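Visitor: this one's structure only:
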């Protein structure tokens, strides 16, 4: 019998009832079974409810890839609330903006972030409670003094029966923040049904099995990283969660030891692997069944490298955006034939291209990609105008289709090729960087008059962020000082790799900086 | 170059090039990765720095937390490499 109300966290609950003693999560030396994850997330859900979280409230999880972050994701859903995982590199001003924007009721974070958590909490108006994992030493406690803080151990010590379910699958499950061309982060609203549809589609074409061991090396704050966990638990598989790919040899050791079967990465990770091909032979990577890439097209030479490195594995080149999770995948059997294509629509999704007047285009014409499917978001949180630009009426009354803002072309066989973006978003390290956000940060540095930010090609990063900066008369700032100031204001993937001090920037008739000549 | 100079140079590089969210809580044993001080490209910047400054080479196998995840670890690694 199928259940009428199937919610995202039923993936975990169902796997826990089927496979209570199976190790579901391997992270930082810990091995947690499905039964343990289920019990701890139930207890935390109850703790959230006791701290005032009610149906539809937003809970922000500001933390790294840890056991606590994984448990928190499911707990928030079980509390009938909406979860938003935020990159732990997020700096104070942006964290305050995010907490205010979604009016977060509870913030879950870790002791090493106590300083920014404490400052942000004092500047926000809706936060009722904070839950902190990690070791809260005197230093951290001093910073958090006066705030309503619960230690992690206490938050998961309670009753292991979950709170009463009140949501239906049309309710929001998650808000994922993404950079936009306006420079202000936008919260992508996803319902339980959106996320279940994405999981079903991706699980089908990746052929995820219960004995899968999936590597989670991408941030859980990034939808591609988050879905690795959801997919693993949906299938009763195992997630091996790593903090980052900073030390590739360590991750490779884990891949070998845990017999990892699924390796999801981004071009930067594969470029790092390409740089260490000779020592890769020392690791037993033979259990890998599939490798996936998304965020930016993989250079053909890296596809070749992956084919040689993992001869037994299926290589998936994929493409998508948070607003619909994923658009396309290239079937592995086509990777040699069409290495530059990002493939065909994912199962249960349709796509087409339109010109500026919304006319449908035929093969080999470049136009904007439109996506129709159950994965398409409900909109941007409290941004109706931006939402109306992206979501437009479809052919069935009441439905909306997604105008992606990406320029693509289809070949004669219907395979998609990414051409470029309609806005000036930079894709660096697989993450979206809004030039306006970086320019605003640079201009806020004392001594800077104006700045222009562009993306330049980069072997490792895909695109690197480059800033052209004009100083105030008499100011003495060198590029290093500007980068240092940027590090205090921006997540590290947004910090310019290159800063060039220039005398002036070319302006158009309206006084707007012209970036065309900048390289 | 004596150990204390290596330590000073490493410390200066880290404090000038990476963002320390909580400078008061940062000491020479603080884990770069755990405390979010560096990420994967930050590690590569550290490698370039020790190679250029101390004239050593870092093979892939040496790129592990034991050698690169704190100021203490880096200083010990540089010392070992310089024999």
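Guide: Here it is on my side, so go on. Small disclaimer: the values here were computed from a predicted structure and weren't measured.
Visitor: list the contacts for residue A:51?
Guide: Neighbour list for residue A:51: A:105, A:106, A:128, A:129, A:131, A:148, A:150 [criterion: C-beta atoms under 8 Å, 6 or more residues apart in numbering or on different chains]. Every residue, glycine included, has its C-beta placed from N, CA and C.
Visitor: need the residues you listed in TSV with distance to residue A:492, can you?
Guide: Formatted as TSV, the contacts of residue A:51 follow (distance: C-beta to C-beta, whole Å):
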residue	distance to residue A:492
A:105	29
A:106	27
A:128	31
A:129	29
A:131	26
A:148	31
A:150	30
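Visitor: how about the residues of the stretch 351-500 of chain A that lie near chain B?
Guide: Neighbours of chain B within the stretch 351-500 of chain A, by C-beta under 8 Å from any C-beta of the partner chain: A:429, A:460, A:461, A:480, A:483, A:484, A:487, A:488, A:492, A:493.
Visitor: of the contacts of residue A:51, keep whichever come out buried.
Guide: For those, a neighbour count by 16 or more other C-beta atoms under 10 Å in any protein chain shown gives the buried set as A:105, A:106, A:129, A:131, A:150.
Visitor: quickly note the distance from the first one to chain B.
Guide: As for residue A:105, its distance to chain B is 24 Å (criterion: C-beta to the nearest C-beta, to the nearest Å).
Visitor: hang on, that residue packs against residue A:56?
Guide: No. With contacts counted by C-beta atoms under 8 Å, residue A:105 stays clear of residue A:56, the gap being 9.8 Å.
Visitor: are there residues contacting both of these two? Which ones?
Guide: In the contact map built from C-beta under 8 Å, 6+ apart, the residues linked to both residue A:105 and residue A:56 are residue A:81.
Visitor: quick one, phi/psi of residue A:13?
Guide: When read as degrees, to the nearest 10, the backbone of residue A:13 gives phi -60, psi -40.
Visitor: quick one: contacts for it?
Guide: Under the criterion of C-beta under 8 Å, 6+ apart, the contact partners of residue A:13 comprise A:38, A:162.
Visitor: whatever residue of chain B ends up closest to chain A: neighbouring residues, count only.
Guide: Of the residues in chain B, the one nearest chain A is residue B:19, at a distance of 3.8 Å by C-beta to the nearest C-beta. Residue B:19 has 22 neighbours, counted by other C-beta atoms under 10 Å in any protein chain shown.
Visitor: most centrally placed residue in chain B?
Guide: By C-alpha atoms, centre = their mean, the mean C-alpha position of chain B lies nearest to residue B:74, the distance being 4.2 Å.
Visitor: my read: that residue touches residue B:46, true?
Guide: Yes. Shown here, residue B:74 and residue B:46 form a contact pair, counting by C-beta under 8 Å, at 7.1 Å.
Visitor: which residues do the two both contact?
Guide: Between them, residue B:74 and residue B:46 share the neighbouring residues residue B:68, with contact defined by C-beta under 8 Å, 6+ apart.
Visitor: and chain B, which of its residues are near chain A?
Guide: Where proximity means C-beta under 8 Å from any C-beta, the interface of chain B facing chain A comprises B:16-19, B:21-22, B:24-25, B:33-36, B:38-44, B:59-61, B:63-65, B:68-69.
Visitor: interface residues of chain A facing chain B?
Guide: So chain A meets chain B at A:64, A:88-89, A:112-116, A:139, A:243-250, A:268-269, A:272, A:276, A:278-279, A:282, A:429, A:460-461, A:480, A:483-484, A:487-488, A:492-493 (C-beta under 8 Å from any C-beta).
Visitor: what residue ranges in chain A score low on pLDDT?
Guide: Residues of chain A meeting the criterion pLDDT under 70: A:1, A:181, A:295-297, A:509-511.
Visitor: in it, which residue sits nearest chain B?
Guide: Residue nearest to chain B within chain A: residue A:487 (3.8 Å; C-beta to the nearest C-beta).
Visitor: leaving aside the residues next to it on the chain, what's closest to that residue?
Guide: For residue A:487, the nearest residue in space outside its immediate sequence neighbours is residue B:19; the separation is 3.8 Å by C-beta to C-beta, 6 or more residues apart in numbering or on different chains.
Visitor: show me what contacts that neighbour?
Guide: Under the criterion of C-beta under 8 Å, 6+ apart, the neighbours of residue B:19 are A:484, A:487, A:488, A:492, B:37.
Visitor: and stretch A:384-400, how far out from the chain middle?
Guide: From the chain centre to the centre of stretch A:384-400 is a distance of 24 Å (C-alpha atoms, centre = their mean, to the nearest Å).
Visitor: quick one: end-to-end length of it, please.
Guide: Here the two ends of stretch A:384-400 are set 14 Å apart, with distance taken as C-alpha to C-alpha, to the nearest Å.
Visitor: ok so residue A:17 is a strand residue?
Guide: No. The assignment for residue A:17, made by DSSP: H, G, I helix; E, B strand; the rest coil, is helix rather than a strand.
Visitor: buried ones in the strand or helix carrying residue A:202?
Guide: Secondary-structure element containing residue A:202, defined by DSSP states H and E: helix A:192-206. Using 16+ other C-beta under 10 Å as the test for burial, helix A:192-206 gives A:192-203, A:205-206.
Visitor: name the helices or strands packed onto that helix?
Guide: Of the remaining helices and strands, those touching helix A:192-206 by 3 or more C-beta pairs under 8 Å, 6 or more residues apart in numbering or on different chains; DSSP states H and E are strand A:172-178, helix A:223-234.
Visitor: run through the neighbouring helices and strands of the shortest one.
Guide: So that's strand A:172-178. Under the contact definition 3+ C-beta pairs under 8 Å, 6+ apart, strand A:172-178 sits against strand A:82-86, strand A:186-191, helix A:192-206, helix A:223-234.
Visitor: next, the angle strand A:186-191 makes with the helix holding residue A:202.
Guide: Orientation of helix A:192-206 against strand A:186-191 (axes from the mean of the first three to the mean of the last three C-alpha atoms, to 10 degrees) gives an angle of 80 degrees.
Visitor: which other residues reach whichever helix or strand comes after helix A:192-206?
Guide: Beyond helix A:192-206 in the direction of the C-terminus, DSSP H and E gives the next helix or strand as strand A:213-216. For strand A:213-216, the external contacting residues (C-beta under 8 Å, 6+ apart) are A:65, A:208, A:225, A:228-229, A:231-232, A:237-242, A:251, A:254-255, A:258-264, A:287.
Visitor: quick one, which of the residues you listed are buried?
Guide: The buried subset of these - by 16+ other C-beta under 10 Å - is A:65, A:208, A:225, A:228-229, A:231-232, A:237-242, A:251, A:254-255, A:258, A:260-264, A:287.
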